[in-house]
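mind looking at a prediction? Sequence and model below.
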Amino acid sequence: MVNNSYFWQLALSFPDTVELPHFEKTSFRISKKIFATLDTANQRACIKLSPIDQSVFCAFDKDVIYRVNNKWGQQGWTLVKLTLI
């Protein structure tokens, strides 16, 4: 499993990524578009996936990775539980 620190490093490893606040979370953006957020208080990340990738990854383990339960989830936004390591 991935922890907060590793997710943060991974998100910033993409070229031209900028880290900015997004409400109470940290957002990761390229060309002003958010592709992920990190919620350290709740030990989870939210990532934007294509509909096909979302269905594949969510089939892995619905307790760890699952679609956001609203219209955002239908657009590919997916929650990932992180570990406390």
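Arrived safely, thanks for sending. Owing to the predicted nature of the structure, the values given are computational and were not obtained by experimental measurement. Numbering: from 1, shown residues only.

mind checking which helix or strand residue 52 is in?
Residue 52 belongs to helix 51-60 when assigned by DSSP states H and E.

residue ranges with poor pLDDT in the chain?
For the chain, residues meeting the criterion pLDDT under 70 lie at 85.

hey, where'd the helices end up in the chain?
4-12, 51-60, 71-74 (DSSP state H).

residue 43: which of the ones you listed is closest?
Closest approach to residue 43 among those is made by helix 4-12 (6.8 Å; C-beta to C-beta). Every C-beta, even on glycine, is put in place using the N, C-alpha and C of the backbone.

list the buried ones in the closest one?
By 16 or more other C-beta atoms under 10 Å, the buried positions in helix 4-12 come out as 4, 7-8, 11.

on that earlier part again, out of the helices of the chain, which is closest to residue 36?
Closest approach to residue 36 among those (C-beta to C-beta): helix 4-12, 5.2 Å.

what is the closest one packed up against?
Where contact means 3 or more C-beta pairs under 8 Å, 6 or more residues apart in numbering; DSSP states H and E, helix 4-12 is packed against strand 25-30, strand 33-39.

right, and the ones you listed - which one's nearest residue 53?
The nearest among those, by C-beta to C-beta, is strand 33-39 at 12.5 Å.

circling back: redo the helices of the chain as CSV? Include distance to residue 40.
Listed next are the helices of the chain as CSV, based on distance: least, C-beta to C-beta, whole Å:
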stretch, distance to residue 40
helix 4-12, 5
helix 51-60, 22
helix 71-74, 20
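
nearest to residue 84, of these?
If you check each of the helices of the chain against residue 84 by C-beta to C-beta, helix 4-12 wins as the nearest, at 8.5 Å.

just the angle between the closest one and strand 33-39, please?
Between helix 4-12 and strand 33-39, the angle comes out at 170 degrees (axes from the mean of the first three to the mean of the last three C-alpha atoms, to 10 degrees).

right, I'll call it a day here.
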